[in-house]
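K.L.:
Next one to model:
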Amino acid sequence: MSKNIFKPDPLLDSALRPKSWRDFVGQEKIKKNLQIMLESARKRKESPDHLLFYGPAGLGKTTLAHLISWEMNAGIKVTSGPAIEKAGDVASILTNLNEGDILFIDEAHRLNKLIEEILYSAMESRVLNLILGKGPSARTVQLELPAFTLIAATTRMGLLSSPLRSRFGAIFKLDFYENEDIEKIIKHNAQVLEIEIEPQAIKVLALASRATPRIANRLLKRSRDLAVVEGNGIITDEIGKRSLGLFEIDEVGLEATDRKILETIIDKFSGGPVGIAALAAATNEERDTVEEVYEPYLMRLGLIERTPKGRIITDAGYKHLNLHNLKKNKQEKLLD
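P.N.:
Numbers count the residues shown, from 1 in each chain. Below is the predicted model:
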């Protein structure tokens, strides 16, 4: 299985995470709505409504949760869906919250149904209903909870149950960033990292960042390393391109696995259509990894297309791999 450099680096992400609304670039409509909600909550001296953020990884869901905690001057407890396995886990987390605290649950789609049901009353009525014991001696205990705000983040919105979704006061979808916003993020974070970067290098890294700030930050740091070791400490156009080459990333951000997916559909499935299970098996990747990490960006670039019968390579996909003549020849053979 190929190495994926797009996995999160907690230390890097924390260092480059925006510390104010001014530093948070992009997602303007979401920011405006959140600022109105938070200002209203402050004036009413109440905790903000529960919030749900969804969208591809690396677009700023965790960052928004931290910004909200800073804006409300509230403590934040961070956990994830897979980490909450038993009723006792969620009870321990909720009973340790202070008034006005924010509970951030990442990968909320991986919460099991029992935990979701416990959260219903906690979110709606600020009470925790627990069953102690088993059989005839079992009894129900109801614990009062302080006012708190639950912020959940997910990349798989459809896997959240409808009752849980309905208990959020607002649901926001984070979209891929515009290239201009990615350039602003790279320029700002180069200053944070105290590294000089040339304007053309900013454009090179931005185009290869898959419209995702987390990846832009990763490529910026890798370029910084190369500039320090083999350059004069300045990220130039050449340094940017060389750093991309070291990780087998092309000018539009496709890495080796992206190209492998495209080539597999062409070589083994004659350009498609092919089902996701067969594609994952043929590329030796997990199905979820293909669907969540690689496929969204390939579709955004218009290189592959989903059809009722499966995935197919588009004309743009053939062209990107310089195989457009291959498709033309296949079409001519079919006509013959």
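K.L.:
what residues are up against the residue nearest to the spatial centre of the chain?
P.N.:
Centroid-nearest residue in the chain: residue 57, 1.2 Å away (criterion: C-alpha atoms, centre = their mean). Shown in contact with residue 57 (C-beta atoms under 8 Å, 6 or more residues apart in numbering): 8, 155, 212, 214, 292, 293. Where you see a C-beta, it was placed from the backbone N, CA and C, and this is true even at glycine.
K.L.:
what about it, which SS state?
P.N.:
On the three-state scheme (DSSP: H, G, I helix; E, B strand; the rest coil), residue 57 is labelled coil.
K.L.:
Residue 17: neighbouring residues, count only.
P.N.:
By the criterion of other C-beta atoms under 10 Å, residue 17 has 19 neighbours.
K.L.:
Low-confidence stretches in the stretch 51-200 of the chain?
P.N.:
Residues of the stretch 51-200 of the chain that meet the criterion pLDDT under 70 lie in 131-135, 137-139.
K.L.:
swap the cut-off to 90 and go again
P.N.:
56-58, 71, 84-92, 95, 112-118, 120-122, 124-145, 155-161, 191-195 (pLDDT under 90).
K.L.:
what's the neighbour count on residue 98?
P.N.:
A count of nearby residues for residue 98, using other C-beta under 10 Å, gives 11.
K.L.:
Apologies, that question was intended for residue 109.
P.N.:
Counted with other C-beta under 10 Å, the neighbours of residue 109 add up to 17.
K.L.:
And for residue 257?
P.N.:
By other C-beta under 10 Å, 21 other residues sit near residue 257.
K.L.:
Is it correct that it is in contact with residue 283?
P.N.:
Yes: Residue 257 lies in contact with residue 283 (C-beta atoms under 8 Å); the separation is 7.2 Å.
K.L.:
sorry, back to before: now render the contacts of residue 57 as a markdown table, adding secondary structure.
P.N.:
Output for these, formatted as a markdown table (three-state DSSP):
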| residue | secondary structure |
| --- | --- |
| 8 | coil |
| 155 | coil |
| 212 | coil |
| 214 | helix |
| 292 | helix |
| 293 | helix |
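K.L.:
Using CSV, please lay out the residues you listed together with neighbour count and distance to residue 315.
P.N.:
Formatted as CSV, those follow (neighbours: other C-beta atoms under 10 Å; distance: C-beta to C-beta, whole Å):
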residue, neighbour count, distance to residue 315
8, 13, 34
155, 21, 29
212, 22, 25
214, 25, 30
292, 14, 25
293, 22, 24
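K.L.:
so which of these comes closest to residue 224?
P.N.:
Of all those, residue 224 sits closest to residue 214, with 15.9 Å by C-beta to C-beta.
K.L.:
Show the backbone phi and psi for the residue nearest to the closest one when sequence neighbours are not counted.
P.N.:
Counting by C-beta to C-beta, 6 or more residues apart in numbering, residue 58 is the residue found nearest to residue 214 once chain neighbours are left out, at 3.2 Å. Main-chain dihedrals, residue 58, degrees, to the nearest 10: phi 90, psi 10.
K.L.:
now residue 128
P.N.:
Residue 128 has phi and psi values of phi -120, psi 120 when expressed as degrees, to the nearest 10.
K.L.:
same question, residue 45
P.N.:
The phi and psi values for residue 45, taken as degrees, to the nearest 10, are phi 60, psi 50.
K.L.:
For it, grab the count of nearby residues.
P.N.:
7.
K.L.:
How is the chain partitioned into domains?
P.N.:
Domain segmentation of the chain under automatic domain parsing yields 27-173, 179-246, 256-328.
K.L.:
Please enumerate the helices of the stretch 151-300 of the chain.
P.N.:
In the stretch 151-300 of the chain, the helices defined using DSSP state H, counting those that start in this stretch lie at 162-165, 179-192, 199-207, 213-230, 237-246, 256-269, 276-283, 287-289, 295-300.
K.L.:
Please give the centre-to-centre distance between the first one and its chain.
P.N.:
Going by C-alpha atoms, centre = their mean, to the nearest Å, the spacing between the C-alpha centre of helix 162-165 and its chain's C-alpha centre is 21 Å.
K.L.:
For that helix, which outside residues touch it?
P.N.:
Residues outside helix 162-165 that contact it (C-beta under 8 Å, 6+ apart): 52, 108, 111, 116, 119, 120, 171.
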